[in-house]
Structure formats: C-alpha cells, structure tokens
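Undergrad: give me a 3D structure for the following:
(chains A, B, C and D)
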Protein chains: 4
Amino acid sequence: MHIDREYLEKYNSFSPARKKIHRIIFGYDTFSGKIFDVILLLAIVLSVIVVMLESVGNINTLYGRELREIEWGFTILFTIEYIGRIYSSPKPRKYIFSFMGIIDLLSIIPTYLSFIVVGAQSLLIIRLIRLIRVFRILKLSRFMKGANLLRVALYDSRHKIFVFFGLIIIIVVLVGTMMYLIEGGESGFDSIPRSIYWAIVTITTVGYGDISPTTVLGQTIASLLMMIGYAIIAVPTGIVTSQIMYSEHKQKSRNCPKCSTVIENTNANYCSDCGAKLK
Amino acid sequence: MHIDREYLEKYNSFSPARKKIHRIIFGYDTFSGKIFDVILLLAIVLSVIVVMLESVGNINTLYGRELREIEWGFTILFTIEYIGRIYSSPKPRKYIFSFMGIIDLLSIIPTYLSFIVVGAQSLLIIRLIRLIRVFRILKLSRFMKGANLLRVALYDSRHKIFVFFGLIIIIVVLVGTMMYLIEGGESGFDSIPRSIYWAIVTITTVGYGDISPTTVLGQTIASLLMMIGYAIIAVPTGIVTSQIMYSEHKQKSRNCPKCSTVIENTNANYCSDCGAKLK
Amino acid sequence: MHIDREYLEKYNSFSPARKKIHRIIFGYDTFSGKIFDVILLLAIVLSVIVVMLESVGNINTLYGRELREIEWGFTILFTIEYIGRIYSSPKPRKYIFSFMGIIDLLSIIPTYLSFIVVGAQSLLIIRLIRLIRVFRILKLSRFMKGANLLRVALYDSRHKIFVFFGLIIIIVVLVGTMMYLIEGGESGFDSIPRSIYWAIVTITTVGYGDISPTTVLGQTIASLLMMIGYAIIAVPTGIVTSQIMYSEHKQKSRNCPKCSTVIENTNANYCSDCGAKLK
Amino acid sequence: MHIDREYLEKYNSFSPARKKIHRIIFGYDTFSGKIFDVILLLAIVLSVIVVMLESVGNINTLYGRELREIEWGFTILFTIEYIGRIYSSPKPRKYIFSFMGIIDLLSIIPTYLSFIVVGAQSLLIIRLIRLIRVFRILKLSRFMKGANLLRVALYDSRHKIFVFFGLIIIIVVLVGTMMYLIEGGESGFDSIPRSIYWAIVTITTVGYGDISPTTVLGQTIASLLMMIGYAIIAVPTGIVTSQIMYSEHKQKSRNCPKCSTVIENTNANYCSDCGAKLK
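TA: Next comes the predicted model:
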C-alpha cells in the first residue's frame, strides 16, 4: 500500500478525540479496535437473524412487534456507526463512494424506507455483505492470500470459462427448443423459455422434477443432455485445477539472492546456477 | 492460413462496390466491418428473443401479430445479407457449402416454410449458432486459443472418454433391467427402456423423482448406483484435467534459439544446454 | 502374450475346416474374421433391442409374437456360435470357464428357461456384456491403453478411495439415524434404513424429492449434508486426478538407450546424463 | 510413537492374566488379538443391523421382542469388554477420556437409558464409530497413509476452503432473500430461512423439487444459481486436487544419503548434485 501524504496530513490535523474514533472504527491493530470489530460483527449477524425470523409467518404473529423494535435498535446503532465513519475519515468522500461505504449505507436505508414501502425490511439482509470485515479480525493475510489465489486463477482462465459457458448456453437453447417441439405443453414444456429452464435444470444435474419428459423421444434426448452435463463438468474443473496449480507454483518459486535466477524447485537448498545458499 | 492465389485473383477482378460489400460483410478489421458485425449479432439475439416470446401462450395471444411482423422483418434482412454474402464472395460455392453457410441458409428458411407448415418458425432458433461469429468482434485470438486448448484436450483423451462412456452405458442397461425385474410397473419401472432412463437420471445425479424405487431391494440397488455415479465422475474429471495440464504445458514450453533444445522451465532465463540467453 | 506350446500343438492337429472355423470365430486379423465380428456385434445389439421392446406394454401387445420369434432366431444363432467356439477351441475347457465363455452361455440360457419361468427372457440383457468384444474391431491397443491407465489409476488409489467411502458410509448412517429421530414417519423418514437411503440420495446430490425434510431442524441438517456432499466430491476427484497424472507421467518417461538413466522430460532430445541422442 | 516409561513400568507390574487381557483387547499383532478384533467388529456390525431392523415398523411388530433381547445380549458383551479395557489398561483414565473411550461408553449407555426414555436405543447407532478399529485388522499403515494424506491436504487448504464456503453462504442468503421477495408463499418460498434452504438445495445441485420457482423472474434467477453451483464446484475440486498432488509429491521426494540434497525426481538413480548412487 503506497503512502498517501494528503491523507496523512489531514489525519494529523484531527483533534485527539476524532483520532481516537478513527482508530476504534477503522483500525484493527489496537485492543479497542478489535473489540469494536467483534461487537460489530455480532451485531450484524444478530440483525440478519432478526430479519430472517421476521419473515417466518407464525414467529411474526407472536413476536412481530419485539422483532421490529430490535431491528430499529440495530438500525440506530449502525446509523451512528455510519456517521462516525464519515466524521473520523480524513477523506470522507472516498469512504462514502467506496464499495464498503455504499453497502454500509444500503444496510440502514431499508428500515427507514419501511415507513413508506411495506416489506422493505427484507432488504436489510444486505447487511450480510458487511461480514466481509470478518477477515480483518481473523489472521487477515492468510485468507487474503487464499482468496487472491482463487481470484487470480479464475481471472486467468476467464477466456476458457467464457467459451465453456457460451457452449452451455447454445446447447441449452437448442435442446430446450427441440423439447418444446417434441413434448408440447402437456408435460410442462409449454413455451421455449420454460423448456430452456428445464434444460438448465437438467444439464446442471439439479433435476427438480417439476417438469420432466414423458415421450420416448423426449426421454432419449433428456438422457443425452444428462450425460453431456455429467461429463462436461470435467471441463471447467480441469481448467480451474490446472490454473490453481500453475498459480500456486508461480507463487512458490523464488529468485536466487545472488544471481536472481528463478528457482522453481521449492525444496532446493542451493541455486542451480551459481550455487549460492538459498534462504 | 495459406494464401489462395485463385481466390485473390478473383477478388481483385471485382468492381470497387463489390469489393466494399465484401469488406463490410466478411471483414472485421475495418470500422464499417466491425459496425456491421455488431449490428448483425444484435439482430440475431433480438430475432431469437422474438421466436422465444412467440412460443409463450399469453404473449402470443396479445402480441402475436406484431411478433410475426418483426420476425418477417428480420428474415428479410437476413435474406438480403445471405444474398450479399454469395454476391461478394470470390468463391460462392465454397461459402454456400461451408458450415456457417449452411447455418446461414437454415436461419432464413423456416419463416418461408411457415406458410406451409404451422409452427415451423420455432426452428428459427437455429439462428443462435450464428452467434459463433461473436468471437470475431471480441479479441478473437485469445478465445480461439482457449477453445482450441479445450478441443485438443478433449480430442486427445477421446479413447479414455469412449471407454468411460462404454462402461456407463453397460452399467446403466444392466441396472435398469434389474430394476425393471425387481420394482415392476407400480413404481414407474414399467418397461426396460423406461428403467434405463431412470438409471441414467440416477447415475448422473440429476434425480427428477418422477420414477423412484419403493422396495427395499430396489432402494439398495439405487443407493449403490448413486454412489457409483457420485464417485465415478472423478474419472472423466481426472482424464480431462490431466490432459489440459499436459496441453498447456506443451503450449508453454519453447525452443532455445541457438541450440533448439526444448526448454520446459517457463521461467528459465538461460538455455539449460548451451547457456544462450532466452527471449 | 507368452506362447503356449500345448495350445499350438493341439491347434496344428486340427483339420483344415476346424482351423478355418477357429480363424473366423476367434481371429480378428483376417477379412472373414472381421466380418464375423461385425455381424456378431450387430446381432447382439439387435437382440438386446428386441428384449427391451418386448418389455414395453403396448409394443408387446401388438408385436409380442413377432418379437419372440426374432428372439428365438437370435438365440439359435448364438447357440450355434457357442457350439462352434467350443468345437474350434484347442482348449475348450479353458474357454468354457473363462469370463467371456460364461457370459456367452448365460446369453443363451434365459430363452430356453422361458419355457419354465415366465419373464426369464429379460435376463437376455446380459448379452450386452458380450459387446466388450467391440474393442477387437476398433483399433484395440489404444482403447486397451486407455482402459488400462484408468484401471491402474483406480487400483493404485484403492486405499484412499476405501477410506473415503468408509467415511461416507459412517456419515450417511449417523445422519440418517438423526433424521429418523428428528423428522419421524410423517415426512417419509419412517425407519432407519429408509432414512439412510434418503441420506445417500442427498449426499450424492441426486435428490429425488420422494422423501424430504419438513421440520426446521431437519432442513438445517439436510442443508449441512448437502454442503458436505457438494464439497467432499472434490476428494475422490483429487485422488483420481493425481493418480492419473502420475500414471501417465510414468508411462511417458523412458530410459536412455546408452546409459539407461530414466528420462522424465518427454521433450528431451539428448540424455541428461551421458548426452546420447534419444529416439 | 515415543516410549512412555511410566506406562511401561505400570504394564510390567501387571499380573500375567491382566497382561494377557491387555494383549487380547488392545493388541493386534498376536493371533488371539486379531481374532478378538474380528469378532468385535462382527458384533458391532450385527448390533447396528439389529438397531436398524428394530426401527422398521412391520419387522418391529413381528420380531420386536427377539430383537430387543439380541440388543441386550450385545450391550452386556460390550459392557464386559468396556470393563476389561479399563481393568487391563495401565493408564485407565487416559483411555476413559480418549476419543475412542468416550465412544465405547456412549455405545452401551442408550440400552440402559431405554428403561427411562422410550426410543433411546436408536442412539446405539453410535456404535458404528467403533468400526474405525477396522483399520487395525486390515493392513493398517497403508490406510493410515491414505487417510493421513487426505487429512493433510484438507488441513493445508483450509483457508481457501473457508473463503469458498464463506462465499457460498453469502450467495445462498442473498439469493434466498431475493427469491422470498419475488416468489412469495404460494410456490413454497414462505419465509427467508425456507428460501435459503431452497437456495442450498439448488446450488449444491441436489434439487429435491419440494420447493421450485414458478414465476419467470424466479426461474431466471434459479437458472443463474444453478449455473453458479454447477461451475463453482470446480473451485474446491481444484484446490483439493492441487493440494493432494503437492502433498504426494512432497511425500515421494527423498534426500541424498551423501550430500542430503532434496531429490524431487522419483525415478532418479543418481544424486543430481554429488552423483552418489541412490537406494
């Protein structure tokens, strides 16, 4: 992370109280910062559970009022936290328009909206995304390295994955249309989009069974589609596995401290080029 | 791509207008050629959506006439384009009988057929295959490399995949027949082909549930079949992964410019044989 | 294949006619031998289709007699072939008690049995196993190499696969029993074996839906089981992939013709030890 | 395994009879020890089958009393064995509080409990875990090596698997809530937790079909979720495969007996560093 001078100057001009709020809310290396993060995460999890419980019919009938009161409590807490983040941020605009800043705002709006729109509080579930902050408390770097490796592996194989999904979409649309023509409306294939939906349910091996072929020809085509779906999964798996292995390999190879040759053998004790002792 | 002299001579003898049509329709390196391709792909996607919407019962009742009119519009456009392709092609026969040429023709015929055969317009969905041209607009080479790697990997492992599918078919037919004898018609296993269909639905882990065993022995055999299907998927995945890794590896290795030794180490800076600097 | 002297001597003492029958039935390098194999395979496929069609209710009502007549025709043909095999085999006992010999016998018995036991002809489906002979017509060695690689890879990883299936069985029995106690008979979990059947249907991601949990606790445990089944498939896949790659690698490495060092680099042109030119 | 002096001294002070009991129950290298283990495993399997049969309605009605008597027989046997284990163990406390010791106790309690709590005997299924002892009879070390490799591979990739499951949970909760808002109660999405359950059933490709979307928007989102679930399985597979290959690779590499360089090439005959002959 490069050092932002303007950011630091702004921060140094803060009053001690404002600095302290910043350390508690944004920091995660002090004791109070860690405590704050733990409490915040607990509050997020609890508020999400409250939203879920509210959606269950008989729980809502019995404890609806209490749940709505708790929800309001959490919303007020998160609103105070949001204002605190803006107040203690040396660059408030940057925070407000960052991904996490927008999520923080979207996490409090639905409760206020529920005055106007009935049922808006279900949108509070978006608070869940705030849980990404959990990585700050856990040993951050290891998870970030894991997540990063996956991200890089998926990014590097995007062209192959794109080709693969293009193929799946073409298969699914063509087979869906064929089944619409063959089966007809009686067994549930009553429109092309619905038949395509069935083809996706089948090729991904989900198989709800809400729509299923009844004619002999239909069942034959369905069988072929299943076999394709069953076997073709090997392709993205192969792509991603190959990419992960390559990425990990690259991450593990290092340079000789003397002659800077790339050392691929992770167990090597000496540089294969100049014989310098490694590590 | 090797140079075809006859093709070039024929092309050079074209009038400037005919040359321009060729560049717009077939080319994709000029601005107008790119614009043409983008418009064509949009038209294909839109016309496929129109065909899909037409198949939905209540949309057809309300807007059936309008949709059919739009469909006719697209068909006329594609017909003009098809004639343009033949006219501006130095070797029209080669184009007409190429894979894409046949698809282009099949993409316009069903509309004209719908005068005679009711419901023929559903076949227009074949237009979707024309979308393969999308790769021309996107950075072609990368996707082609991705697609090519997959094609080579699948082709090279065809013997193993053939053995695998042979095994699956034998398992499926034998288990299907056993289930027909054990379960009988009451639980849906009323013929051998239908029982085989059930075995495919089960071994591929699709599991519609339209047919499912009810006897203890039937459920035991079904459980074994599921376990086989669940574990055996590892085999094609292993084959394809292994093949993809090998193909990628081969693609990445290069030859020394001096002594032409094969360099497998992708990070190597010097040839391991003669010490020549690489790249 | 080592040479069996006794076998050869016996074969040489045959009359020319008997030798010819042997070459046609067992051989696959002469023209007549190939023709015989192709006709045999076609007959097997056709006879299996006849057995399947016979099991379909309305086809049996309409064409039952004709199908049974065709079936008798095939059975008589296969009986003649079976006698021919015994007659022209230098070691008839070895053939009769070999795997293929037993299958050949089992492929004709059910028709004769159908005089006594009704429905015995469904067992004729065992003829399908005779299709393994198809590999003799196709370029044998390549498929055998593919099949062999798979066999070796699966055999070498049998300990890991055994551990994996042991774990799956323990999970499935424990979770099945838990669900029996939690859900009870109303939602279909009416005995422990049936609940275990459900657990297998779920962990393998088949999901028929004939039995599915209805209580909140049951659905929570089911969700966990699905997640386990979804993620744990990675384990056998990883094992088999790793084994296939290792087996292929071993298959591809060769020895230096001069110093017999093992050459792992498949692209190497010279021996890395003594510099001898390879291949 | 390091040698525990206190343990040995205690054992040496035992009477010959007590020593013999120890050898039979805990040992697995003498003949009587092996026989004991085989009988024990058979008894466990039989007692588990008895518990299962007892749960089947009509079997319980017919043979309920006999089954309960057999169950009591097994429980008394296992109780004697448990007392024998404590009596012949040099460090009985260590055994009682070890994992296997607790399982051994839990395997006999439910029968005694069934006097007080009806249906407690279903808990006897926990006896199944005692089957882990099966590895002692089979060639232990190979299975342990297999199991260990899997354990290490899963442990080493725990950060990546944690990130993967975190992602799955966030997707499942968000999509579940969306479906609750879109579909509503009529098609079964009558609360957020139930909709999340549906999302898990779908993303893991289980697909019971007890709840399935009926609106066009709902089916579109469901299709996307299926595609995600179908493709994303490649990620844990890739992680685990990569890890297994790395672990196996590390297990196979050895050190030069002379210069202790790490030899990665498993086929190498000479050390690549000092030329010493290997193995």
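Undergrad: make sure A:I211 is indeed in a strand.
TA: No: going by DSSP: H, G, I helix; E, B strand; the rest coil, the assignment for A:I211 is coil, not a strand.
Undergrad: and the closest residue to it other than its chain neighbours, how close does it get to chain C?
TA: Excluding the flanking residues, the one nearest A:I211 by C-beta to C-beta, 6 or more residues apart in numbering or on different chains is A:G188, at 3.6 Å. Using the backbone N, CA and C atoms, a C-beta is placed for each residue, glycine as well. Remark: distance between A:G188 and chain C (C-beta to the nearest C-beta, to the nearest Å) = 15 Å.
Undergrad: just A:L41 next, same as before
TA: Remark: distance between A:L41 and chain C (C-beta to the nearest C-beta) = 22 Å.
Undergrad: following the helix or strand harbouring that residue, which helix or strand comes up?
TA: Here A:L41, judged by DSSP states H and E, is contained in helix A:31-55. Of the helices and strands lying after helix A:31-55 in sequence (DSSP H and E), the nearest is helix A:57-87.
Undergrad: rewinding a little: which neighbouring elements make contact with the helix holding A:L41?
TA: Judged by 3 or more C-beta pairs under 8 Å, 6 or more residues apart in numbering or on different chains; DSSP states H and E, the packing partners of helix A:31-55 are helix A:16-26, helix A:57-87, helix A:134-137, helix D:192-203.
Undergrad: need the residues that contact that helix.
TA: The contact list for helix A:31-55, computed with C-beta atoms under 8 Å, 6 or more residues apart in numbering or on different chains, reads A:23-28, A:59-60, A:63-64, A:67-68, A:70-71, A:74-75, A:77-78, A:81, A:121-122, A:124-125, A:127-128, A:130-131, A:133-134, A:136-137, D:173, D:180, D:191-193, D:196.
Undergrad: show the buried residues in those.
TA: A:23-26, A:28, A:63, A:67-68, A:70-71, A:74-75, A:78, A:81, A:121-122, A:124-125, A:127-128, A:130-131, A:134, A:136, D:173, D:180, D:191-193, D:196 (16 or more other C-beta atoms under 10 Å in any protein chain shown).
Undergrad: chain C next: which of those residues are close?
TA: D:P193 (C-beta under 8 Å from any C-beta of the partner chain).
Undergrad: right, and the residue nearest to A:I211 touches A:T214 too?
TA: No: look at A:G188 against A:T214 with C-beta atoms under 8 Å: they stay out of range, at 9.1 Å.
Undergrad: ok, these two, which is more surrounded?
TA: The neighbour comparison of A:G188 against A:T214 (other C-beta atoms under 10 Å in any protein chain shown) goes to A:G188, with 17 against 13.
Undergrad: where does the stretch 151-279 of chain A have low pLDDT?
TA: A:249-279 (pLDDT under 70).
Undergrad: pull the number of nearby residues for the residue of the stretch 51-200 of chain A found nearest chain C.
TA: Nearest to chain C, among the residues of the stretch 51-200 of chain A, is A:V56, at 8.8 Å (C-beta to the nearest C-beta). Other residues near A:V56 come to 18 when the count uses other C-beta under 10 Å.
Undergrad: now swap in A:I170 and tell me
TA: A:I170: 14 surrounding residues under other C-beta under 10 Å.
Undergrad: can you tell if the helix or strand it falls within touches chain D?
TA: Following DSSP H and E, one finds A:I170 within helix A:158-183. Yes: against chain D, helix A:158-183 shows contacts by C-beta under 8 Å from any C-beta at A:161, A:165, A:168.
Undergrad: of these, grab the buried ones for ChimeraX.
TA: Only the buried members of the residues of helix A:158-183 next to chain D enter the following ChimeraX selection, criterion being 16+ other C-beta under 10 Å:
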select /A:161,168
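Undergrad: gap between the residue nearest to A:L105 when sequence neighbours are not counted and A:S89?
TA: Once flanking residues are discounted, A:L105 sits nearest to A:Y82: 6.7 Å by C-beta to C-beta, 6+ apart. To A:S89, A:Y82 is 11 Å away according to C-beta to C-beta, to the nearest Å.
Undergrad: who's more crowded, the two?
TA: Per other C-beta under 10 Å, whichever of A:Y82 and A:S89 has more neighbours is A:S89, with 22 against 17.
Undergrad: make sure that one is actually in contact with A:S98.
TA: No: using C-beta under 8 Å as the test, A:S89 is too far from A:S98 to be in contact (9.9 Å).
Undergrad: got the residues of the stretch 151-279 of chain A near chain C?
TA: Counting by C-beta under 8 Å from any C-beta, the residues of the stretch 151-279 of chain A that sit close to chain C are A:205-209, A:237, A:241.
Undergrad: if you set the cut-off to 10 Å instead, what comes out?
TA: Contact residues, the stretch 151-279 of chain A versus chain C (C-beta under 10 Å from any C-beta of the partner chain): A:205-210, A:216, A:233-234, A:237-238, A:241, A:245.
Undergrad: circling back: what angle do helix A:16-26 and the helix holding A:L41 make with each other?
TA: 50 degrees (axes from the mean of the first three to the mean of the last three C-alpha atoms, to 10 degrees).
Undergrad: regarding the residue most central in space within chain A, what is its secondary structure?
TA: Note on chain A: the residue nearest the mean C-alpha position is A:I129, at 7.8 Å, using C-alpha atoms, centre = their mean. Classification of A:I129 by three-state DSSP places it in helix.
Undergrad: show the pLDDT at it.
TA: With respect to pLDDT, A:I129 scores 77.
Undergrad: now it. Nearest residue, chain neighbours left out?
TA: In space, A:I129 is closest to A:I103, 4.9 Å off (C-beta to C-beta, 6+ apart).
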